[in-house]
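Undergrad: Okay, here's the prediction I keep looking at, along with the sequence it came from:
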Amino acid sequence: MNNRTRTNRTKDQDSTAGGSLVGERYEVEVGPVAHGGHCIARHEGRVLFVRHTLPGERVIAQVTEGGEDSRFLRADAVEVVRASNDRVEAPCPFSGPGRCGGCDWQHAAPGAQRRLKVAVISEQLDRLAGLSPADAGWDGTVEPAPGDKVAKGQVPAWRTRVQYTVDAEGRAGLRRHRSHEVEPVDHCLIAAPGVSELGIESREWPGVAAVEAISATGSSDRQVIVTPAPGERLPIVELDRPVSVMRVDEQGGVHRVHGRGFVRERAIGRTWRVGSGGFWQVHPQAAEILVGAVLDGLKPRKGETALDLYCGVGLFAGALRERLGDRGAVLAIESNKRAVEDARHNLDDLDRVRIELGKVEQVLPRTGISETDLIVLDPPRAGVGKPTVRHLASLGPRRIAYVACDPAALARDLSYFAAEGYRPVSLRAFDLFPMTHHVECVAILEPVREGSA
Ligand SMILES: C[S@@+](CC[C@H](N)C(=O)[O-])C[C@H]1O[C@@H](n2cnc3c(N)ncnc32)[C@H](O)[C@@H]1O
């Protein structure tokens, strides 16, 4: 077979740019996985990030983005010439080149997905922090959530929050990869049963741009957040079961239409009020798993003080406060106003817990705190950043727990912590986003002792 074959390009693709290579097809050997749900291949010296393939495969890659002058090209594997042993038939009929962008690894066996995540974390730690798995105190595994152990070809239904986009015909679906186009679906396999039961995909949504469906864990609370299409009023939303309905206005504000303005999640023996727009982990076992990893790593002692930074509705602050005894105290900081209100409500029964509203980088210097024993960090994907890392190290904590949803941001911040004299003593990785490329890590840091390398 030719290693360069031209396909029928669409008019749109031809009009993208003079030197566009969109639509070109190359036969390539697929190399290692890269962060972001794709693998690296090369063609005539140029790097291709290829989706829908696996390391070691030989595929026909069709360019989806990039041109003659691009540093790299994006591509989809549209034909597999030589398959990896890790390849399975994608259980989801909506996945594949040009289709739903929600999952990256439908075509990989569950164990293989976790090995891909191991490779990505290892590569990020090495490249951005100069750390081997052993240096980071990591056993080099990604742990599945106990309830997600499914056989080859099966899919765990874990996603308790699903963002549907509605197409021009009023059909709910999921976004295609790096696109505003909608792939209409009649059932998302990774959606939790409580989301599927709402039947979002089986009804029409005229005048609606987006629908978010939420199924709380440990309570029967269900919520639907509807974003009307521009210039449209909110349609009457009637579903087969009682759910609270919220509306998003054109400025992004969320308003209650009927029912409660929040859902109640159960975790670590407590009930957590989570208002619309407030953060809660999407995987139903995530809160328990992450709290367990943080407490195991920090080993809080009676009377210690702790910071819970990027605290959301107060999950780690609550878990820590219960371990610190009468003289312990927790300061939590969160920038989302609604989440702070929920955190104050959720932790109302605990004394010596203070929750401050604002950005960590702005609020922390204003608190006047000059030392603390423990810190939990659970930042958004961008990570913490050098100035905040410096400030945190200056507080001299005995241990820091860093909960990370992006291994690249974690590795970058670990390199900043190293410069401030803190190093990871343990790292655990959890597969809290099966079928996708996402992974959650918990790193425990300690000050480097005199004499230790
Ligand atoms: C990954 S969530 C963690 C929430 C919480 N720890 C939990 O486990 O449920 C990150 C949180 O950081 C908040 N956030 C984002 N940027 C922030 C900043 N600069 N300062 C404080 N909070 C921020 C977000 O609103 C979100 O609630």
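TA: That came through, no problem.
Undergrad: burial count for the closest residue to Phe72 other than its chain neighbours?
TA: Spatially, and ignoring its direct neighbours in sequence, Phe72 is nearest to Val47 (4.2 Å; CB to CB, 6 or more residues apart in numbering). (Glycine included, C-beta is placed from N, CA and C.) The number of residues packed near Val47 is 16, by other CB atoms under 10 Å.
Undergrad: My guess is Val47 contacts Arg74. True?
TA: No - taking CB atoms under 8 Å as the definition, Val47 is not a contact partner of Arg74, at 10.1 Å.
Undergrad: hmm, back to that, next structured bit after whichever strand or helix holds the residue nearest to Phe72?
TA: Taking DSSP states H and E as the criterion, Val47 maps to strand 46-51. Of the helices and strands lying after strand 46-51 in sequence (DSSP H and E), the nearest is strand 58-65.
Undergrad: Can you point out the buried residues in that following strand?
TA: Of the residues in strand 58-65, 58-64 count as buried by neighbour count, 16 or more other CB atoms under 10 Å.
Undergrad: now the angle from it to strand 46-51?
TA: Counting by axes from the mean of the first three to the mean of the last three CA atoms, to 10 degrees, strand 58-65 points 100 degrees away from the direction of strand 46-51.
Undergrad: Who does strand 58-65 pair with, and is each partner parallel or antiparallel?
TA: Strand 58-65 pairs in its sheet with strand 25-34 (antiparallel), strand 72-82 (antiparallel), by DSSP bridges.
Undergrad: check contacts around the closest residue to the ligand within the stretch 301-450 of the chain.
TA: Residue of the stretch 301-450 of the chain nearest the ligand, by CB to the nearest ligand atom: Gly312 (2.7 Å). Contacts for Gly312 (CB atoms under 8 Å, 6 or more residues apart in numbering) come out as 278-280, 334, 336, 339, 343, 378.
Undergrad: For the ligand, tell me which of those residues show up nearby.
TA: Checked against the ligand using CB under 6 Å from any ligand atom, those yield the following neighbours: 279-280, 334, 336, 339, 378.
Undergrad: Looking at those, which are in helices?
TA: Secondary structure from DSSP state H places Ala339 of the ones next to the ligand among the contacts of Gly312 in helices.
Undergrad: re the thing from before, which SS class is the residue of the stretch 301-450 of the chain closest to the ligand?
TA: Judged by DSSP: H, G, I helix; E, B strand; the rest coil, the three-state class of Gly312 is coil.
Undergrad: same question, the one 10 residues further on
TA: Reducing the assignment to helix, strand or coil with three-state DSSP, the entry for Glu322 is helix.
Undergrad: Next up, the contacts around it.
TA: So Glu322 contacts Leu350 (CB under 8 Å, 6+ apart).
Undergrad: can you tell me which residues contact Arg159?
TA: Contact partners of Arg159, counting by CB under 8 Å, 6+ apart, are 188, 190-192, 195, 282-283.
Undergrad: can you tell me how far Ser215 sits from the ligand?
TA: As defined by CB to the nearest ligand atom, to the nearest Å, Ser215 lies at a distance of 17 Å from the ligand.
Undergrad: residue contacts, that residue?
TA: Taking CB under 8 Å, 6+ apart, we find Ser215 in contact with 160-161, 192-195, 197-198, 222.
Undergrad: Weed out the non-buried ones from those residues.
TA: Among these, the ones that count as buried by 16+ other CB under 10 Å are 160-161, 192, 194-195, 197-198, 222.
Undergrad: In this structure Thr436 contacts Gly37, no?
TA: Yes - between Thr436 and Gly37 a contact is recorded at 7.1 Å, counting by CB under 8 Å.
Undergrad: what angle do the lengthiest helix in the chain and strand 25-34 make?
TA: In the chain, taking DSSP H as the definition, the longest helix is helix 110-129. Relative orientation of helix 110-129 and strand 25-34, computed by the same axes, to 10 degrees: 70 degrees.
Undergrad: Which residue is the nearest non-sequential neighbour of whatever residue of the stretch 1-150 of the chain ends up closest to the ligand?
TA: Per CB to the nearest ligand atom, Ala145 is where the stretch 1-150 of the chain lies closest to the ligand, at 15.3 Å. Residue nearest to Ala145 in three dimensions, not counting chain neighbours: Gln285, with 4.4 Å by CB to CB, 6+ apart.
Undergrad: Which residues of the stretch 151-300 of the chain lie near the ligand?
TA: Residues of the stretch 151-300 of the chain lying close to the ligand by CB under 6 Å from any ligand atom are 279-281.
Undergrad: pLDDT at Arg241, what is it?
TA: On pLDDT, Arg241 comes in at 72.
Undergrad: What residues does it make contact with?
TA: Counting by CB under 8 Å, 6+ apart, Arg241 touches 197-198, 222.
Undergrad: Which of the three states applies to Ile289?
TA: Per three-state DSSP, the local secondary structure of Ile289 is helix.
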